[in-house]
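Enquirer: Based on what follows, work out the 3D shape:
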Amino acid sequence: MPAVHIDPAALLRHIETLASDVFDGRKPGTQGEALTVDYLIDTFKRHGLAPGNPDGSYVQEVPLTGITSQTTVSLSIGGERIGWQAKRDFVGGSESRRPLIRVQASELVFVGHGVVAPEYGWDDYKGVDLRGKTVVVLMDDPQVPDPADSRRLDPSMFKGDVKTYYATRDHKREAAMPQGAIVRITVHETARAGGTPFGAYANEDGREAFTLRDDVEPQFDADLIIPVERARELFRRAGHDFEALRERARHKDFKPVALGVRLDAEVRNTLRELRSRNVVARVEGREPRLKDEVVLYTAHWDHFGRDPALKGDPIYHGALDNASGVAALLEIARSYANLPEPPARSVLFIATTAEEAGLLGARHYAAHPLVPLARTLADLNLDIINVWGRTADVQITGWGESDMDTLAMEVAAAQGKRVVPDQAPELGLYYRQDAFEFARAGVPSLYVRSGVDFIGKPPGYRREKVGAYIAHDYHQVTDTVRDDWDLAGGAEQAEFAFAIGWRLAQGAPFPKWRPGTEFKARRDAMLGKAR
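Expert: Reported below is the predicted structural model:
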């Protein structure tokens, strides 16, 4: 394997540029996007990479609809009318592309976790007719107690503490809408939301959201999130015990509960059509029989732009999230381009758009791949790299899902490191980053993350740094470059990702999903059809 050194100073230069005021928060459909895309194309060209699109360009257009929702909500409980205040009592709007949506007297029904999982014998709906109704849904997988120890979760159900696809908003929408539901109310709990407090959602409420223009999946008339305290109050007013119903929702025999509450809502949407761009570059493989197969590297370039209503700095700089991942992507690309000879297979680098809007750039690529997914070995995603120093390990989200685990351990050992699985699998980070869209399409994928054992630092150092970032800077205007950053660890993280991709690109077998993984059937069908 070639000896590749990635310069921490080069990473920092990219981050400083992309997170600067000039790039204005890198929001899709703005001048910030235009500057970002130009910078990425210029850098790929300067590093000597070829265009990644077969049409000879460095971009893949991603058609988006921008939606800015203004939402009002009121409830009728026992003859009493209660108005909810946006940002305090609820957040949300609608991704339905209609300028005006009115919901009248929609009955609220508590459906537990809103999960339908045949392989676990689980159905939270039990055939109940929900036409025109509003579902009230808990976050996360069903929290099924272990029969041997009720203080733990049953490892045979929904992978125990490991969050599965059934915990995602996508699954809960896919399960609810065929039942006829027109509104969803999700009960927010910080511990179930990856540590993200309700206030973070409130800060983003009212901003322009995006959907894929060619996405034909149906959407709710209104899609709302409420804090758990509001849910407790709502259930109490309606004569129900929220905690008792939540406990019932931990068991297979749970049945939906009509709450005796009706909802009125009005959503006014301002719509904007735009074409955003994924930026794609390619290192062409050297072997004629293998160069049409590719390894993917991804990192999202987008962030939230600016909010003129904010006092002081109005720009969401997105230095860690995700100028840092893009910096790693660019330097990995430079490393491939500088090899004495290219690998046997081709390597495609994709800087995706609209990740913050729901992984939309990655979703669009997976639906419209520039190289068929049956000829795509794997995706390696980079999102928020390590800026706090060197580690003795590397953390992998997606561990245990495919046989890339063995490859990751071999590469880490060669670097004098060890691999650790996701240290907080209950947070479901795998489903909140671009690698998930490739996995959902069938392509084995890893999210390459910072290690946890920081060299020369006291126990709890990572928890302190990451906790402070999540609490104060994540998705805030304060996500800026810091003087105390140490990108040596981020450089080693990028070198690790390079080495995995290089091994795959040199002719390693196509990675395989492990039996029981929810993405395996899609891949097996894809490869079988290709053969």
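Enquirer: Would you map the helices across the stretch 301-450 of the chain?
Expert: 325-337, 360-367, 404-414, 435-440 (DSSP state H, counting those that start in this stretch).
Enquirer: Contacts made by the third one with the rest, please.
Expert: Read that as helix 404-414. 1, 378, 393-394, 396, 398-399, 418-419, 444, 446, 496, 499-500, 503-504, 508, 511 (CB atoms under 8 Å, 6 or more residues apart in numbering). The C-beta positions use only the backbone N, C-alpha and C, and glycine is treated the same way.
Enquirer: how far out from the middle of the chain is it?
Expert: 24 Å (CA atoms, centre = their mean, to the nearest Å).
Enquirer: middle-most residue in this structure, spatially?
Expert: Centre of the chain computed as the mean C-alpha position; nearest residue by CA atoms, centre = their mean is residue 432, 2.0 Å away.
Enquirer: Now do the contacts for that residue.
Expert: So residue 432 contacts 194, 359 (CB under 8 Å, 6+ apart).
Enquirer: if we can go back for a sec, among the contacts of helix 404-414, name the buried ones.
Expert: Neighbour-count burial within the contacts of helix 404-414 applies to 378, 393-394, 396, 398-399, 419, 444, 446, 496, 499-500, 503-504, 508, 511; the criterion is 16 or more other CB atoms under 10 Å.
Enquirer: Show the average pLDDT along the strand ranked longest in the chain.
Expert: Assignment by DSSP state E gives strand 257-283 as the longest strand of the chain. For strand 257-283, mean pLDDT is 97.
Enquirer: do the same with stretch 60-79
Expert: 95.
Enquirer: residues of it that come out buried?
Expert: The neighbour-count check on stretch 60-79 (16+ other CB under 10 Å) flags 60, 62, 64, 65, 66, 67, 69, 71, 73, 75, 77 as buried.
Enquirer: Tell me where the stretch 101-250 of the chain has strands.
Expert: Taking DSSP state E, counting those that start in this stretch, the strands of the stretch 101-250 of the chain run over residues 116-117, 122-123, 134-138, 145-146, 149-153, 183-188, 209-212, 222-227.
Enquirer: how about JSON lines for those, with mean pLDDT, mean neighbour count and distance to residue 300 added?
Expert: Shown next, in JSON lines, are these (pLDDT from 0 to 100; neighbours: other CB atoms under 10 Å; distance: least, CB to CB, whole Å):
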{"stretch": "strand 116-117", "mean pLDDT": "94", "mean neighbour count": "20", "distance to residue 300": "29"}
{"stretch": "strand 122-123", "mean pLDDT": "96", "mean neighbour count": "18", "distance to residue 300": "33"}
{"stretch": "strand 134-138", "mean pLDDT": "98", "mean neighbour count": "28", "distance to residue 300": "27"}
{"stretch": "strand 145-146", "mean pLDDT": "88", "mean neighbour count": "14", "distance to residue 300": "37"}
{"stretch": "strand 149-153", "mean pLDDT": "85", "mean neighbour count": "12", "distance to residue 300": "31"}
{"stretch": "strand 183-188", "mean pLDDT": "98", "mean neighbour count": "24", "distance to residue 300": "24"}
{"stretch": "strand 209-212", "mean pLDDT": "92", "mean neighbour count": "22", "distance to residue 300": "13"}
{"stretch": "strand 222-227", "mean pLDDT": "97", "mean neighbour count": "23", "distance to residue 300": "22"}
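Enquirer: Could you verify my assumption that residue 145 touches residue 156?
Expert: No: if you go by CB atoms under 8 Å, residue 145 and residue 156 don't touch, sitting 11.7 Å apart.
Enquirer: What is the neighbour count of residue 312?
Expert: Residues within reach of residue 312, counting by other CB atoms under 10 Å, total 5.
Enquirer: and it, what pLDDT?
Expert: pLDDT, residue 312: 91.
Enquirer: can you check residue 51 too?
Expert: As predicted, residue 51 sits at a pLDDT of 98.
Enquirer: List the residues that contact the closest residue to it other than its chain neighbours.
Expert: Nearest non-adjacent residue to residue 51, counting by CB to CB, 6 or more residues apart in numbering: residue 58, 4.9 Å away. The contact partners of residue 58, by CB under 8 Å, 6+ apart, come to 40, 41, 44, 45, 51, 52, 279, 280, 281.
Enquirer: now do 10 Å
Expert: Residue 58 makes contacts with 37, 40-42, 44-45, 49-52, 277-282, 349, 351, as judged by CB atoms under 10 Å, 6 or more residues apart in numbering.
Enquirer: Please determine how far it is located from residue 223.
Expert: Separation of residue 58 from residue 223 (CB to CB, to the nearest Å) stands at 35 Å.
Enquirer: What of residue 445?
Expert: 27 Å.
Enquirer: what does residue 96 give?
Expert: As judged by CB to CB, residue 96 and residue 223 stand 9 Å apart.
Enquirer: got it, and residue 175?
Expert: For residue 175, the distance to residue 223 - CB to CB - is 14 Å.
Enquirer: Tally up the residues packed near residue 51, please.
Expert: Here the count is done by other CB under 10 Å, and residue 51 has 16 residues near it.
Enquirer: Contact partners for it?
Expert: Neighbouring residues of residue 51 by CB under 10 Å, 6+ apart: 41, 44, 45, 57, 58, 59, 280, 281, 282.
Enquirer: Run through the bridge partners of it.
Expert: Per DSSP bridges, the residues bridged to residue 51 are residue 281.
Enquirer: what bits of the protein have low per-residue confidence?
Expert: In the prediction, the chain carries residues with pLDDT under 70 at positions 531.
Enquirer: got the domain boundaries for it?
Expert: For the chain, automatic domain parsing gives the domain ranges 8-64+274-530, 66-271.
Enquirer: Let me see the ranges of the strands in the stretch 401-531 of the chain.
Expert: 418-421, 445-449.
Enquirer: Format these as TSV; extra columns: distance to residue 288.
Expert: Formatted as TSV, the strands of the stretch 401-531 of the chain follow (distance: least, CB to CB, whole Å):
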stretch	distance to residue 288
strand 418-421	34
strand 445-449	27
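Enquirer: of these, which approaches residue 428 most closely?
Expert: Ranking the strands of the stretch 401-531 of the chain by proximity to residue 428 (CB to CB) places strand 445-449 first, at 11.6 Å.
Enquirer: Give me the helices and strands touching that closest one, please.
Expert: Judged by 3 or more CB pairs under 10 Å, 6 or more residues apart in numbering; DSSP states H and E, strand 445-449 is in contact with strand 294-300, strand 376-381, strand 393-397, helix 404-414, helix 435-440, helix 488-505.
Enquirer: Looking at these, which is nearest to residue 261?
Expert: Nearest of those (CB to CB): helix 435-440, 34.1 Å.
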